[in-house]
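Enquirer: Following is a predicted model, sequence given first.
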Amino acid sequence: QKEVEQNSGPLSVPEGAIASLNCTYSDRGSQSFFWYRQYSGKSPELIMSIYSNGDKEDGRFTAQLNKASQYVSLLIRDSQPSDSATYLCAAVNAGKSTFGDGTTLTVKP
Amino acid sequence: SAVISQKPSRDICQRGTSLTIQCQVDSQVTMMFWYRQQPGQSLTLIATANQGSEATYESGFVIDKFPISRPNLTFSTLTVSNMSPEDSSIYLCSVDRGSMNTEAFFGQGTRLTVV
């Protein structure tokens, strides 16, 4: 079992739809969780962080965390073609980040 | 956020040779990390670079293959030694904000191709 697992892609949604990305983690010692976006050939860039159970909203992005279920998700509302990228989920414990394999999202105009 | 400069940004190397990648941060940071991202895959942590002591390597990575230096709190190098085509990857340096469990900031990466 991988330490951080993401729903297999690729995921394709029409422009304006909601994209839902899911992630589970196995290390219960993980304290922080992050979503990174990575465009092809570029480095990952942070888009959302979440530390506590519940929802956290930032613009079109909502992160959800359920530590009891060891589950993290990212919702992207009103998806745009520019959101097309690979999204990486990361769980952090003692400063060390463990990344999932990523979910590739394509938003079709 | 930290500004991280990594170089070279890309290189094409002959098998059997070595390449040293440099990572410079614009502020002092406690922890620096080196990751590898093989084509189509996610990031795998190679090692944590500690200032004043030897790097801590993850399972599957050894110092002889990936020697790391951390001479001060703003700089680190990763050497990929005796390269083979399997070492063709993107190598990324990252730092955190100095507190535990914070987000990672990444350099722009080094795209290495071994021929």
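Expert: Looks like it came in fine. Numbers count the residues shown, from 1 in each chain, chains lettered A, B, ... in the order given.
Enquirer: Alpha carbons of stretch B:39-55, as PDB, please.
Expert: Extracted in PDB, the C-alpha atoms of stretch B:39-55 (Å, rounded to 0.1, in the frame of the first residue of the first chain):
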ATOM      1  CA  PRO B  39       9.000  10.500 -16.100                       C
ATOM      2  CA  GLY B  40       5.300  10.300 -15.500                       C
ATOM      3  CA  GLN B  41       5.700   9.700 -11.800                       C
ATOM      4  CA  SER B  42       5.400  11.600  -8.500                       C
ATOM      5  CA  LEU B  43       8.100  13.000  -6.300                       C
ATOM      6  CA  THR B  44      10.300  10.600  -4.400                       C
ATOM      7  CA  LEU B  45      12.400  11.900  -1.500                       C
ATOM      8  CA  ILE B  46      16.100  11.100  -1.900                       C
ATOM      9  CA  ALA B  47      17.500  12.600   1.200                       C
ATOM     10  CA  THR B  48      17.300  15.300   3.800                       C
ATOM     11  CA  ALA B  49      20.300  17.600   3.800                       C
ATOM     12  CA  ASN B  50      21.300  18.600   7.300                       C
ATOM     13  CA  GLN B  51      23.600  21.500   8.000                       C
ATOM     14  CA  GLY B  52      26.700  20.300   9.900                       C
ATOM     15  CA  SER B  53      26.000  16.600   9.600                       C
ATOM     16  CA  GLU B  54      25.600  13.900   7.000                       C
ATOM     17  CA  ALA B  55      22.500  13.800   5.000                       C
END
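Enquirer: near chain A, anything from that stretch?
Expert: Yes - if you take Cβ under 8 Å from any Cβ of the partner chain as the test, stretch B:39-55 does meet chain A, through B:41-45, B:48. Every residue, glycine included, has its C-beta placed from N, CA and C.
Enquirer: What segments of chain B are strands?
Expert: Along chain B, the stretches classed as strands by DSSP state E are B:4-7, B:10-13, B:19-25, B:32-37, B:43-49, B:56-57, B:68-72, B:75-80, B:89-95, B:105-106, B:110-114.
Enquirer: Could you identify which of those has the lowest mean pLDDT?
Expert: Lowest mean pLDDT within those: strand B:105-106, at a mean of 81.
Enquirer: Which neighbouring elements make contact with the host helix or strand of A:Ala90?
Expert: Using DSSP states H and E, A:Ala90 maps to strand A:85-93. Where contact means 3 or more Cβ pairs under 8 Å, 6 or more residues apart in numbering or on different chains; DSSP states H and E, strand A:85-93 is packed against strand A:4-6, strand A:19-25, strand A:32-38, strand A:71-76, strand A:96-99, strand A:103-108.
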